[in-house]
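1. Fold the following.
(chains A and B)
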Amino acid sequence: MTLPLSGRKILVVEDESLVAMLLETILEDMGCETVGPISNVDEALTTVSDGTAFDGALLDVNVAGREVFPVAEALKAKGIPFVFSTGYGEGGLPPEWRGQATIQKPFTEATVCDALIKALGVGSA
Amino acid sequence: MRCRKLGCALKELAKSGDLAVDLASAFDASPNPYMLLTPDLRYAGMNRAYLDVTRQTREALLGRHIMETYDGAADGENADQLRDSFERVLVTGEPHHIAVLHYPIPMPDEHGKWGIVDKYWSCTHSPVTDDDGVLRYILQHTSDITELQLLRRQNRPTGAAEAQPMSALDAIVSGRLLQRAEDIQANNRRLESERNRLVEMFMQAPGFMTVLSGPDHVFQMHNQAYAQLIGHRDIIGKSVREALPEMEGQGFYEFLDGVFATGEPYEGRQSRIQIQRIANAPLVEAWLNFIYQPIRDADGKVVGIFVQGHDVTNDMVAAERQKLMIDELNHRVKNTLATVQSIAMQTARSHTDPAAFAEGFQARLIALSHTHDLLTQRHWEGADLRDILLHETDVHGATRVVLNGPPVILSPAAALSLGMIFHELATNAAKYGALTFGEGRVFVDWAVANQSDRRLTIEWRELNGPPVAPPERRGFGSRLIERNVRHDLAGDVKLSYPTDGFHAEISVPLDRGSPS
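-> As a prediction, the model looks like this:
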């Protein structure tokens, strides 16, 4: 069985440890390697800028009371694909981020996988 | 206008000095009763005719209050009518007429016998002002209209048998004329009281109201609510631009100009306004619902604007707060669901047997729910560490789990994390550790160090349990503990497995930002 995202490194920004653990497990099942998980915006910004290698990112929108958008800006500038995860759904995003790949909490393994495949532009095998 | 002319004429005559005597004698010689009152309604002067009619002497009247001499001479309604008339002259500075005043006076009859005789009068009260325009006197001019009134009565069908002969023309003219005058007077009084009632309603209305006049929108009148809106400034007679200069650039002047020019009303909904409530203080923000309604004259030309509205600032603030609360609630609910999902998935991975899965999953769910209960009791402001520990350990008995430490209030996020951590520790102790045996004990000690940058240290020590060996693989429980402490609480955790009992040391900062 070939996993489309096998071997990809995914940065996870999520402050709720149980949710982060869930994402880690889901990513592991997909053959991905988790970078992080990171629980605050500042550390996430450092990880994006310090040359840590990863292929895509999953960003919780509300990270410990702060919005994750500065991290999204930094990723966009570097051309790294990412997916928002939020309890509000895409409608809860500010207008400038509408249309960005988004998964709504709680999510299934399949939604996470589909969103990452789409964002990373991986063709199905 | 007549009052000013009259006032001027009197003044001119008075100034001419030698004319003063002529004036006084002319005044005295008039067959019509005249008298002058001071603004506090005391007699300042009167002519011969007035003294004759009232059967009084000048000495008896000068300086006395008019109502003192009036009381008892007529019925209360007429006294009120007279008092109202003086009041109006004082307030408006304009003359006022009483078409018919019933005022009986003492008079001798044809046999020289004295008695009270019904008399009807028509009087005019005119203001007399000084050079500075200040009202000095009220001049009363009275005409005896008793005969007209009697004629009218005689003309009525009921009194027809004893009617005195009189010309039909007289009867028609005097009767109708007088009837009309009385009708108009009654009508005026009715309109006056209706007007007062409307003004009262306008003033007391809960919404703000003001009447603006002319193309510059000059304030003519406004109610209490409007005064409150603009911080009780003195605005009457000023244009909107003069009276409320801070409105410049906020669009309101232009909306008023538009209404005046086009005659189309303008409605503002939840309009934000920056207003000066206290002189020299910063502007205050408010939200208003209002309408600008054109006021037209008889020809349909716009002559002013009626402004009416409500301050909806409180509603706006409440709506904003409600939106924030709903967003926060949604965020919490979705995060809780994601947490539950994670617990389910992780529990499923470590239990192959469905019954064991259900037991473990439910126990974790209930632990989470307990912490929610504690937080709800304190309106989600925090929860006490001891209460959380008690919730997770009291099934094992107070003698077997010994809690020792000061009261510590935890933030909601820390409470939820530590609740799950204690649940995992207690479950492990009951399954594999000190709580499996009757003799085993768990000691939980905690302390807060460093008051300025507080750090909470918790020690969980198990004693007298079965011999301990480190686990072969890290299960969900220990992963959850480590992840929660490091990830959610930014703290440190050390789990050790000495043979005589499991030992956990947890150290977390207490005053870090505000985690979601």
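
2. Low-confidence ranges, chain A, go.
-> For chain A, the stretches with pLDDT under 70 are A:1-2, A:89-91, A:123-125.

3. Any chance you could note which residues of it sit beside chain B?
-> Listed as neighbours of chain B in chain A under the rule C-beta under 8 Å from any C-beta of the partner chain: A:15-22, A:25, A:37, A:39, A:62-65, A:86-88, A:92, A:104-107. Where C-beta positions appear, they are placed from N, C-alpha and C, glycine not excepted.

4. rerun that using 10 Å as the cut-off
-> A:14-26, A:36-40, A:60-66, A:85-89, A:92, A:104-109 (C-beta under 10 Å from any C-beta of the partner chain).

5. Just the residues you listed: which are in strands?
-> Counting by DSSP state E, the residues of chain A next to chain B place A:Gly36, A:Pro37, A:Ile38, A:Asp60, A:Asn62, A:Val63, A:Arg66, A:Ser85, A:Thr86, A:Gln104 in strands.

6. Among those, which one sits closest to chain B?
-> Checking these against chain B by C-beta to the nearest C-beta gives A:Asn62 as the nearest, at 5.6 Å.

7. Tally up the residues packed near that closest one, please.
-> By other C-beta atoms under 10 Å in any protein chain shown, 21 other residues sit near A:Asn62.

8. wait, doesn't it sit right on A:Val68?
-> Yes. Using C-beta atoms under 10 Å, A:Asn62 is in contact with A:Val68, at 7.5 Å.

9. Next, show the common contact partners of these two.
-> Taking C-beta atoms under 10 Å, 6 or more residues apart in numbering or on different chains as the contact rule, A:Asn62 and A:Val68 both touch A:Asp15, A:Ser85, A:Thr86.

10. Most neighbours of all the residues you listed, which one?
-> Top of the shared contacts of A:Asn62 and A:Val68 by neighbour number is A:Ser85, holding 27 neighbours under the definition other C-beta under 10 Å.

11. That one contacts A:Ile26, correct?
-> No. Judged on C-beta under 10 Å, A:Ser85 makes no contact with A:Ile26 at a distance of 11.3 Å.

12. list residues touching both of these two?
-> A:Val12, A:Leu58, A:Phe107, A:Thr111, A:Val112.

13. For the residue of the stretch 201-350 of chain B found nearest chain A, list the residues it contacts.
-> Nearest residue of the stretch 201-350 of chain B to chain A (C-beta to the nearest C-beta) works out as B:Lys334 at 2.6 Å. Residues in contact with B:Lys334, defined by C-beta under 10 Å, 6+ apart, are A:Val19, A:Asn62, A:Ser85, A:Thr86, A:Gly87, A:Tyr88, A:Gly89, A:Gly92, A:Gln104, A:Lys105, A:Pro106.

14. Show the pLDDT at it.
-> Predicted confidence (pLDDT) for B:Lys334: 82.

15. Would you tell me which one of the shared contacts of A:Asn62 and A:Val68 comes nearest to B:Asn428?
-> A:Asp15 (25.6 Å; C-beta to C-beta).

16. Redo the shared contacts of A:Asn62 and A:Val68 as CSV? Include distance to B:Thr371.
-> Listed next are the shared contacts of A:Asn62 and A:Val68 as CSV, based on distance: C-beta to C-beta, whole Å:
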residue, distance to B:Thr371
A:Asp15, 17
A:Ser85, 23
A:Thr86, 24
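
17. for the residues you listed, which one is nearest B:Leu256?
-> For the shared contacts of A:Asn62 and A:Val68, the minimum distance to B:Leu256 (C-beta to C-beta) is 45.6 Å, reached by A:Thr86.

18. That closest one contacts A:Pro106, doesn't it?
-> No. Assessed by C-beta under 10 Å, A:Thr86 is found out of contact with A:Pro106, at 11.4 Å.

19. is chain A contacted by stretch B:361-372?
-> Yes. Interface with chain A: stretch B:361-372 contributes B:Arg364, B:Leu368 (C-beta under 10 Å from any C-beta).

20. okay, that stretch in CSV with CA atoms only?
-> The C-alpha coordinates for stretch B:361-372 follow below in CSV (Å, rounded to 0.1, in the frame of the first residue of the first chain):
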residue,chain,number,x,y,z
PHE,B,361,-12.8,6.0,27.8
GLN,B,362,-15.7,6.6,30.2
ALA,B,363,-13.4,7.1,33.2
ARG,B,364,-11.4,9.7,31.2
LEU,B,365,-14.6,11.5,30.0
ILE,B,366,-15.9,11.7,33.5
ALA,B,367,-12.6,13.1,34.8
LEU,B,368,-12.8,15.8,32.2
SER,B,369,-16.4,16.5,33.1
HIS,B,370,-15.6,16.8,36.8
THR,B,371,-13.1,19.5,36.1
HIS,B,372,-15.7,21.3,34.0
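
21. Of the ones in strands among the residues of chain A next to chain B - the most surrounded one?
-> With neighbours taken as other C-beta under 10 Å, the top of those is A:Asp60, carrying 29 neighbours.

22. check contacts around the closest residue in space to that one that isn't next to it in sequence.
-> Sequence neighbours aside, A:Glu14 is the residue nearest to A:Asp60 in space, at 4.4 Å (criterion: C-beta to C-beta, 6 or more residues apart in numbering or on different chains). Counting by C-beta under 10 Å, 6+ apart, A:Glu14 touches A:20-24, A:36-39, A:58-60, A:63, A:68, A:85, A:105, B:335, B:338, B:487.

23. Perfect, I'm done here.
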